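**Q** Just need the structure, nothing else, for what follows:
(one chain, ligands or ions: 2)
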Amino acid sequence: MFDYLIVGAGFAGAVAAEQMARCHGKKVLVIDRRNHIGGNAYDCFNRDGILIHRYGPHIFHTNSERVFQYLSQFTSWRSYEHRVLASVDGKLVPIPINRNTVNLLYDMKLRSDEDVEAFFASRAEERCSIKTSEDVVVSKVGRDLYEKLFRNYTRKQWGKDPCELDSSVTARIPVRTNEDDRYFTDRFQMMPKHGYTRMFENMLDHSNIRIQLGCDFRDVETSSFREIIYTGPVDEFFGFRYGELPYRSLRFRHKTFDKEYLQPVAVINYPNDHVYTRITEFKHLTGQLHTKTAVVYEYPTSEGDPYYPVPTPENAALYKRYAELAAATEGVHFVGRLATYRYYNMDQVVAQALTLCKQLVAAPDYALDSATSIATVSNALPIRPAVAL
Ligand code: FAD
Ligand code: UDP
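**A** Ligands and ions are numbered 1, 2, ... in the order given. Predicted coordinates:
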């Protein structure tokens with residue numbers, strides 16, 4: 001009945017479903033073990049009618065015109081430039097570090113980019129190579145700013161010291177000498193006007209797409225599917241054959257306050273205080289007007305739903321072994337943040353899924369009749385009796 005089984009209804013799965021169904025006329029079944037679509041980008045209205053992001057703040061930003069145009073078919077947008085403050089030494093200072101961060105923290109009056117560059121140069125520690133997340137920051141701005149803004153936040157967020165993490169983690173945060181206090185400088189930065197879930201509904205609204213929620217891949221009889229697109233954790237797919245790949249998790253504590261706003265910007269980071277890392281106030285992101293306000297506190301944990309692949313050399317080596325297995329598993333295509341174990345933003349996942357679909361339709365066996373080829377996953381995981389789909 002279906003050409004493709006798509007596991008996961010997040011960005012990776014939804015893009016794949018949309019492309020294969022709408023552009024290539026394939027019949028697809030999308031399953032997700034959660035009871036909603038949208039993956040971690042899912043948003044919904046809370047009891048007070050405030051739009052919240054159940055799995056933490058999601059801000060869309062990209063330099064890719066292709067990704068932006070693609071998603072624009074399914075949503076209109078609200079212009080939004082994200083700004084974050086960090087609570088340090090009793091002050092709220094801009095993060096990424098910029099001229100004002102330095103002036104506020106050190107009670108200085110640096111006026112030009114050159115002044116700030118000279119300040120950083122006087123503090124920076126020389127490193128012969130930049131391998132870790134500590135190297136990235138200390139080599140640019142020195143130890144004191146690193147300790148005020150990065151070391152403890154990173155320890156909380158990842159349960160590891162920055163010197164154990166790949167440089168790519170803290171390299172996500174630029175260092176600026178000007179007064180630009182935007183979190184991102186991408187060409188396109190905005191929020192879906194009516195929310196992410198509405199955008200996903202539009203993507204998946206096609207007669208060739210069927211969605212089954214609350215349905216785990218483990219419980220699906222896979223032999224009747226020609227091909228599988230899998231967006232869940234790759235180690236789980238292979239029954240943890242080589243051991244578990246570490247994913248960092250978060251506990252989200254949502255709270256509503258009976259006041260119009262709680263904080264001056266959408267996100268305040270707490271590098272050195274509290275067990276949580278940051279507080280997000282949703283109305284800043286969504287532009288919603290409401291007499292109350294809703295926020296979420298993020299508590300990092302090693303247990304719970306997998307949210308972040310943990311970029312360390314050991315984990316990269318372990319993932320490589322799974323990636324080799326994945327490449328050798330015919331009829332199953334791995335895509336997305338969990339399935340390819342990459343710390344990807346939404347736009348990168350969209351691009352990855354678009355590329356996969358392009359490759360699938362360009363493959364020589366694409367023209368095969370759906371009924372003639374069966375996905376070969378039966379030796380990869382225990383198949384339980386089929387659920388009614
Ligand atoms: P997911 O969204 O994780 O979707 C995978 C889906 O597969 C899930 O719904 C899961 O339930 C389902 N699934 C897994 N295994 C199975 C199974 N066995 N059977 C059935 N279903 C299964 N990116 C940005 O660009 N901007 C941001 O501001 C941003 N903020 C973020 C904040 C947080 C707290 C987090 C955790 C991530 C953030 N991201 C952000 C990253 C963004 O969430 C991801 O890039 C994107 O959601 C990944 O999409 P995906 O489809 O690969 O994975
Ligand atoms: N980071 C930090 N202090 C901050 C902000 C970020 O140490 O105030 C580090 C931390 O290791 C974090 C990484 O930079 O995990 C990437 O930050 P980003 O805001 O991109 O994280 P995400 O939104 O993906 O959780």
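
**Q** Assign residue 85 to helix, strand or coil.
**A** Following DSSP: H, G, I helix; E, B strand; the rest coil, residue 85 is assigned to strand.

**Q** who touches it in this structure?
**A** 92-95, 263-265, 267-269 (CB atoms under 8 Å, 6 or more residues apart in numbering). Heads up, the C-betas are built off the backbone N, CA and C, glycines and all.

**Q** ok, 10 Å please
**A** 91-95, 101, 181, 263-269 (CB atoms under 10 Å, 6 or more residues apart in numbering).

**Q** and those residues as JSON lines, adding secondary structure?
**A** Below are the contacts of residue 85 laid out as JSON lines (three-state DSSP):
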{"residue": "91", "secondary structure": "strand"}
{"residue": "92", "secondary structure": "strand"}
{"residue": "93", "secondary structure": "strand"}
{"residue": "94", "secondary structure": "strand"}
{"residue": "95", "secondary structure": "strand"}
{"residue": "101", "secondary structure": "helix"}
{"residue": "181", "secondary structure": "coil"}
{"residue": "263", "secondary structure": "coil"}
{"residue": "264", "secondary structure": "coil"}
{"residue": "265", "secondary structure": "coil"}
{"residue": "266", "secondary structure": "coil"}
{"residue": "267", "secondary structure": "strand"}
{"residue": "268", "secondary structure": "strand"}
{"residue": "269", "secondary structure": "strand"}
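
**Q** Can you sort out which of the residues you listed also neighbour ligand 2?
**A** For ligand 2, the contacts drawn from the contacts of residue 85 by CB under 6 Å from any ligand atom are 95, 269.

**Q** Filter the contacts of residue 85 down to the buried ones, ChimeraX style.
**A** Buried subset of those, written as a ChimeraX selection, criterion 16 or more other CB atoms under 10 Å:
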select :93,94,95,101,181,263,265,266,267,268,269
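
**Q** and residue 213, how many residues sit next to it?
**A** Taking other CB atoms under 10 Å as the criterion, the count of residues near residue 213 is 13.

**Q** Need the pLDDT of the spatially closest residue to it that is not a sequence neighbour.
**A** For residue 213, ignoring the flanking residues on the chain, the nearest one in space by CB to CB, 6 or more residues apart in numbering is residue 35 at 5.1 Å. For residue 35, the model assigns a pLDDT of 98.

**Q** residue contacts, residue 35?
**A** Going by CB under 10 Å, 6+ apart, residue 35 touches 213-215.

**Q** closest to residue 361 among those?
**A** Using CB to CB, residue 215 is the member of those that sits closest to residue 361, with 26.2 Å.

**Q** before we move on, what SS does that closest one have?
**A** Assigned with three-state DSSP, residue 215 falls in the coil class.

**Q** where's the nearest residue to it once chain neighbours are set aside relative to ligand 2, distance?
**A** Among residues not flanking residue 215 along the chain, residue 31 sits closest, at 4.2 Å (CB to CB, 6+ apart). Per CB to the nearest ligand atom, to the nearest Å, residue 31 is found 26 Å from ligand 2.

**Q** just residue 61 next, same as before
**A** 11 Å.

**Q** follow-up on the earlier one: is the residue nearest to residue 215 located within a strand, as I assumed?
**A** Yes - the assignment for residue 31 (three-state DSSP) places it in a strand.

**Q** Pull the contacting residues for it.
**A** Per CB under 10 Å, 6+ apart, neighbours of residue 31: 5-9, 13, 210-217, 219-220, 232, 387, 389.

**Q** hey, what's it bridged with?
**A** Beta bridges link residue 31 to residue 7, residue 212, judged by DSSP bridges.

**Q** From the contacts of residue 85, pick the one nearest residue 70.
**A** So of the contacts of residue 85, ranked by how close each gets to residue 70 (CB to CB), first place is residue 266, at 25.2 Å.

**Q** residue contacts, residue 275?
**A** 156, 251, 297-301.

**Q** for stretch 205-221, which positions count as buried?
**A** For stretch 205-221, the neighbour count (16+ other CB under 10 Å) marks 208-211, 215, 217, 220 as buried.

**Q** What of stretch 345-356?
**A** Within stretch 345-356, the residues scored as buried using 16+ other CB under 10 Å are 345-354, 356.

**Q** average model confidence for that stretch?
**A** Stretch 345-356 shows a mean pLDDT of 98.

**Q** and what of stretch 307-323?
**A** For stretch 307-323, the mean pLDDT works out to 98.

**Q** quick one: that stretch to chain centroid distance?
**A** Here the centre of stretch 307-323 is set off from its chain's centre by 16 Å, with CA atoms, centre = their mean, to the nearest Å.

**Q** ok, that stretch near ligand 1 or not?
**A** Yes - applying CB under 6 Å from any ligand atom, one finds stretch 307-323 touching ligand 1 at residue 307.

**Q** who does the lengthiest helix in the chain touch, helix- and strand-wise?
**A** Longest helix in the chain, counting residues (DSSP state H): helix 346-362. With contacts defined as 3 or more CB pairs under 10 Å, 6 or more residues apart in numbering; DSSP states H and E, helix 346-362 has these neighbours: helix 11-18, strand 60-62, helix 65-72, strand 227-230, strand 332-334.

**Q** Which among the ones you listed is found nearest to ligand 1?
**A** The closest of the helices and strands packed on helix 346-362 to ligand 1 is helix 11-18. By CB to the nearest ligand atom, the value is 3.5 Å.

**Q** and residue 114, backbone torsions?
**A** Torsion angles at residue 114 (phi, psi; degrees, to the nearest 10) stand at phi -60, psi -40.

**Q** can you pull the contacts of it?
**A** When the contact criterion is CB under 10 Å, 6+ apart, the partners of residue 114 are residue 177.

**Q** sorry, back to before: what's the closest of the buried residues of stretch 345-356 to ligand 2?
**A** Closest to ligand 2, out of all of the buried residues of stretch 345-356 and judged by CB to the nearest ligand atom, is residue 345, at 7.7 Å.
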